[in-house]
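Visitor: got a predicted structure here, sequence first:
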Amino acid sequence: MRIAPADLADPQVRDLIAYHQREMLERSPPGLSFALDLSGLQRPDVSVWAVHVEERLAAIGALKRLGRARGEIKSMRTHPDFLRRGLAAALLETIIAQARSEQLAVLSLETGSGPMFEAALALYRRRGFVNGEAFADYALSDFNQCLHLQLG
């Protein structure tokens, strides 16, 4: 396994981003999918990492900066062929380490509810994320929820 900054021109990366966005749109109520598309991940305030197993892309994840004190986890997605191998946990540690190195105080994320999201929620909660108030432009609903990790 190798974790490195993602090459957003790589067709494997683009395909996994598109897959993630499609699935979030299909599985979320109208207006409640906030997955970033390629252009959203290309912004200067976003860093994206790729996890490769041998030469195959296995997962992606991103850190979006929200001002000087908060970061947001975006686009965490493991390719279906690589589920349950600990790749998302390793990627999450990379994102947390980057947020700490930038002296962010809080790392937050917005995600959905239901069976599709249970594994991700368990991962975040094991790492110390707790449910809390909405942040940025999000609003809590019966479907979406916000989690936060205090870093400092």
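Guide: Arrived safely. Since we're looking at a predicted model, the values are computed, not measured.
Visitor: neighbours around the closest residue to Leu57 other than its chain neighbours, how many?
Guide: Nearest residue to Leu57, sequence neighbours excluded (Cβ to Cβ, 6 or more residues apart in numbering): Gln12, at 3.9 Å. No exception for glycine: its C-beta is placed from N, CA and C like everyone else's. For Gln12, the tally of surrounding residues (other Cβ atoms under 10 Å) stands at 17.
Visitor: Three-state assignment for Gln12, please.
Guide: Here Gln12 is recorded as helix under DSSP: H, G, I helix; E, B strand; the rest coil.
Visitor: that one contacts Ala58, doesn't it?
Guide: No: in this structure, Gln12 is not within contact of Ala58 by Cβ atoms under 8 Å, at 9.6 Å.
Visitor: which residues are in contact with the residue nearest to Arg125 when sequence neighbours are not counted?
Guide: Once flanking residues are discounted, Arg125 sits nearest to Leu147: 7.7 Å by Cβ to Cβ, 6+ apart. With contact taken as Cβ atoms under 8 Å, 6 or more residues apart in numbering, Leu147 is in contact with Ser108, Leu109, Thr111, Leu121, Tyr124, Arg125, Phe129, Val130, Asn131, Gly132.
Visitor: quick check: which element contains Leu147?
Guide: strand 145-150 (DSSP states H and E).
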